[in-house]
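Student: build me a structure from this.
(one chain, ligands or ions: 1)
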Amino acid sequence: MGKEIPFDVIIIGGGPAGLSIGSELSKNYKVLVVDKNVAGVTSRSWFVPLDVLDEGVKPFTYGGVTRFLASTFTGAKLAFQAKLFDRYPYVNEKTILPYWLDVIKSNRSQVIDNCAYLDHTVKDGVVSVQTTKGCFASRLLIDASGYNSIILDKYKIKRNNFYWWSVYGAVGEHPNGLQSMQVGDYMMWQTFKDSNENLDTSLAQGRPVFEYEIYDDKTSLSLVLYLRKVQISYSDMEKEYLHVIRNEDSTKPFHDLKIKEIKYGWYPSGNLSQQIAEDHVVFVGDSGCWTTPCGWGMGFILDNYQFFSSQLSKVLAANTLDKASLLSIPHYKVHQKYEVLMNTLATHFLSNATAPQLDKFINLYNQVDPILCEKMLTLKMSEKELREMLKVVLKTFDLKELVQIIPKQDYLLVLEEAKYVVEDTVINKIHDMIHFVSGHEDKPKLNDGFEFQ
Ligand SMILES: Cc1cc2nc3c(=O)[nH]c(=O)nc-3n(C[C@H](O)[C@H](O)[C@H](O)COP(=O)(O)OP(=O)(O)OC[C@H]3O[C@@H](n4cnc5c(N)ncnc54)[C@H](O)[C@@H]3O)c2cc1C
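Tutor: Residues are numbered from 1 along each chain as shown. I've put the predicted structure just below:
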């Protein structure tokens, strides 16, 4: 080739995906990270399951969630201790991202701030990347630019069956103490009677859930979260958040909250992760739709960055960086379909059900064991537990309701996956249902739920 290529890897985006993978690769390769803002600075905050933390990340954690709660406006309250793991620790965004940055720099790789990706070309094994601070060349480009990637757009890549989490809230202080709340509480789903009648039409699809986490005896993080096909605007979320914390009867401990720091953002979720690559280009983190259906984006990164980096090191060493080779390496650990099924179903309830239906769904966990809710969120459900939960769901909601909640394409996906785990009698019902939604003449009875032996 003659001329030496200055970098092995250029990474677009100095968020958690770009910096964690960059720090691993910088141990053996020359890496350049560019960020359109400042690398290592984020307005997000994360708590993650304990078991996704490796020894390198553990020193950057603190506190944690010890009690999961759900509270529905139709009356039911769920409270269950986090028994599956000791705790769900917080990952300190103010120390871990700078640590990864230091690793990259101390390995004599480079980071450039205020440097936005503009475009790139791939020719004869060289990726030429145009940025607002000039042109740089490498053997491989990693897109870690997050939910709004223009590199995905350039390749016209669609993220399959995509949903968005839109999130807005604040870290704040409670001048009158925590009242009924406890340190370590995580209110996972609090629902309200539809409270958005006076807001813009972008909210017409439904209401958000309210979430709070109690950090210490006077500090909380509270958020409104929407799971939708569309992104909710910053101003609509801000309005709704202020309404929820100031006016709702059931959020009294927040009425006098002193807001200290706004946290907000949008991230992909709602379906299975995707492996995406092009010649000399791979996509990671939010840009690559690295997520569980319930959207633990940071948890997913922490669970997979070392694994992915080691796979990538091998193809960099072999210099096999064409699309087929990049796609052939596993990007992340694959979960069993049955682990994902209930999570996908919960996603649909959160995004498409009416407020009373969502309440009914949340309340189902009282009928089985509330710990299943925690296991569902972290993809730790066993096949037996899934069957148990599915029975309750399918008995409680008639097929007509399920058709309304689950969009057709995903409805078939859920049912196909359900076939994998449920009894033969149910499979026949599912076949009936598939015929029904695809317009065949044989219609199932709609109001009897499924019969189980
Ligand atoms: C409020 C909030 C709370 C959350 N809480 C949790 C949680 O508790 N647990 C959990 O697991 N997940 C959580 N998430 C999800 C998690 O934060 C994301 O999945 C994660 O940040 C994705 O990391 P990333 O590096 O892929 O993308 P990002 O964090 O979005 O980083 C992308 C980086 O790329 C840069 N960039 C973008 N475009 C360009 C460009 N053209 N040129 C150069 N640079 C560019 C950006 O400036 C940014 O620094 C939360 C998200 C939000 C919004």
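
Student: and the residue in the chain positioned nearest to the ligand, how many residues sit next to it?
Tutor: Proximity to the ligand, evaluated over the chain using CB to the nearest ligand atom, is greatest for Gly297 at 1.7 Å. The C-beta positions use only the backbone N, C-alpha and C, and glycine is treated the same way. A count of nearby residues for Gly297, using other CB atoms under 10 Å, gives 26.

Student: likewise for Arg139?
Tutor: Using other CB under 10 Å, Arg139 has 18 other residues around it.

Student: what about it, distance to Asp124?
Tutor: From Arg139 over to Asp124 the distance is 11 Å, taken as CB to CB, to the nearest Å.

Student: wait, isn't the residue of the chain closest to the ligand in contact with Ser287?
Tutor: No - using CB atoms under 8 Å, Gly297 is not in contact with Ser287; the gap is 10.7 Å.

Student: quick check: phi and psi at Val340.
Tutor: Note on Val340: its backbone torsions stand at phi -90, psi -20 [degrees, to the nearest 10].

Student: need the pLDDT of it.
Tutor: The model reports Val340 with a pLDDT of 73.

Student: can you count the residues close to it?
Tutor: Val340: 25 surrounding residues under other CB under 10 Å.

Student: check Val103 too.
Tutor: Neighbourhood size, Val103 [other CB under 10 Å]: 18.

Student: could you see whether the ligand lies near whichever strand or helix holds it?
Tutor: Using DSSP states H and E, Val103 sits in helix 93-106. No - Helix 93-106 does not reach the ligand (CB under 6 Å from any ligand atom); its nearest approach is 8.7 Å.

Student: near the ligand, which residues of the protein?
Tutor: 12-18, 34-37, 42, 44-48, 116-117, 144-147, 150, 167, 263-265, 267, 285-287, 296-299.

Student: among those residues, name the ones in strands.
Tutor: The strands, defined by DSSP state E, take in 12, 34, 46-47, 117, 167, 263-265, 267 from the residues of the chain next to the ligand.

Student: most neighbours out of the residues you listed, which is it?
Tutor: Among these, the one with the most neighbours (other CB under 10 Å) is Ile12, at 28 neighbours.

Student: isn't that one right up against Gly22?
Tutor: No - in terms of CB under 8 Å, Ile12 does not count as a neighbour of Gly22; the distance is 10.7 Å.

Student: what touches both of the two?
Tutor: Ile142 (CB atoms under 8 Å, 6 or more residues apart in numbering).

Student: touching, Val183 and Ser220? I think so.
Tutor: No - using CB under 8 Å, Val183 is not in contact with Ser220; the gap is 9.7 Å.

Student: can you list residues touching both of those two?
Tutor: Joint contacts of Val183 and Ser220 (CB under 8 Å, 6+ apart) are Ile214.

Student: more neighbours: these two, which one.
Tutor: Ser220 (23 against 17).

Student: paired strands for the helix or strand where that one lies, with orientation please.
Tutor: Using DSSP H and E, Ser220 falls within strand 219-228. Strand 219-228 pairs in its sheet with strand 163-173 (antiparallel), strand 209-214 (antiparallel), by DSSP bridges.

Student: can you pull out the low-pLDDT segments for the stretch 101-250 of the chain?
Tutor: 159-161, 194-207 (pLDDT under 70).

Student: can you pull the buried residues of stretch 40-59?
Tutor: Buried positions in stretch 40-59, judged by neighbour count with 16 or more other CB atoms under 10 Å: 40, 42, 45-50, 52-53, 56-57.

Student: please apply the same query to stretch 15-32.
Tutor: Neighbour-count burial for stretch 15-32 flags 15-26, 29-32 (criterion: 16+ other CB under 10 Å).

Student: quick one: Lys27 is in a strand?
Tutor: No - assessed with DSSP: H, G, I helix; E, B strand; the rest coil, Lys27 is coil; it does not lie in a strand.

Student: does it touch Arg108 like I think?
Tutor: No - counting by CB under 8 Å, Lys27 stays clear of Arg108, with 10.9 Å between them.

Student: follow-up on the earlier one: now the helix or strand just after the strand holding Ser220, how far from the centre of its chain.
Tutor: Later in the chain than strand 219-228, the nearest helix or strand by DSSP H and E is helix 234-247. Between the centre of helix 234-247 and the centre of its chain there are 22 Å (CA atoms, centre = their mean, to the nearest Å).

Student: and helix 234-247, what does it pack onto?
Tutor: Using 3 or more CB pairs under 8 Å, 6 or more residues apart in numbering; DSSP states H and E, the elements in contact with helix 234-247 are strand 163-173, strand 219-228.

Student: would you turn those strands into CSV with distance to Lys323?
Tutor: Output for the helices and strands packed on helix 234-247, formatted as CSV (distance: least, CB to CB, whole Å):
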stretch, distance to Lys323
strand 163-173, 27
strand 219-228, 32
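
Student: okay, stretch 130-148 in PDB with CA atoms only?
Tutor: Presented in PDB, the C-alpha positions along stretch 130-148 are these (Å, rounded to 0.1, in the frame of the first residue of the first chain):
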ATOM      1  CA  GLN A 130     -13.900  14.300   7.200                       C
ATOM      2  CA  THR A 131     -14.500  16.300  10.400                       C
ATOM      3  CA  THR A 132     -14.800  19.900  11.400                       C
ATOM      4  CA  LYS A 133     -11.200  19.700  12.400                       C
ATOM      5  CA  GLY A 134      -9.800  18.200   9.300                       C
ATOM      6  CA  CYS A 135      -9.500  14.800   7.600                       C
ATOM      7  CA  PHE A 136      -8.100  11.700   9.400                       C
ATOM      8  CA  ALA A 137      -7.400   8.200   8.000                       C
ATOM      9  CA  SER A 138      -7.700   4.700   9.600                       C
ATOM     10  CA  ARG A 139      -8.200   1.100   8.800                       C
ATOM     11  CA  LEU A 140     -11.500   0.800  10.700                       C
ATOM     12  CA  LEU A 141     -14.300   3.300  11.600                       C
ATOM     13  CA  ILE A 142     -16.400   2.700  14.700                       C
ATOM     14  CA  ASP A 143     -19.600   4.600  15.000                       C
ATOM     15  CA  ALA A 144     -20.300   5.200  18.700                       C
ATOM     16  CA  SER A 145     -22.200   8.500  18.000                       C
ATOM     17  CA  GLY A 146     -25.400   7.500  19.800                       C
ATOM     18  CA  TYR A 147     -29.100   7.600  19.100                       C
ATOM     19  CA  ASN A 148     -28.900  10.200  16.400                       C
END
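
Student: what residues sit buried inside that stretch?
Tutor: So for stretch 130-148, counting by 16+ other CB under 10 Å, buried means 131, 136-147.

Student: between those residues, which is nearest Glu211?
Tutor: Comparing those against Glu211 with CB to CB places Tyr147 closest, at 18.9 Å.

Student: correct me, but the closest one touches Gly285?
Tutor: No - taking contacts as CB under 8 Å, Tyr147 lies outside contact range of Gly285: 9.1 Å.
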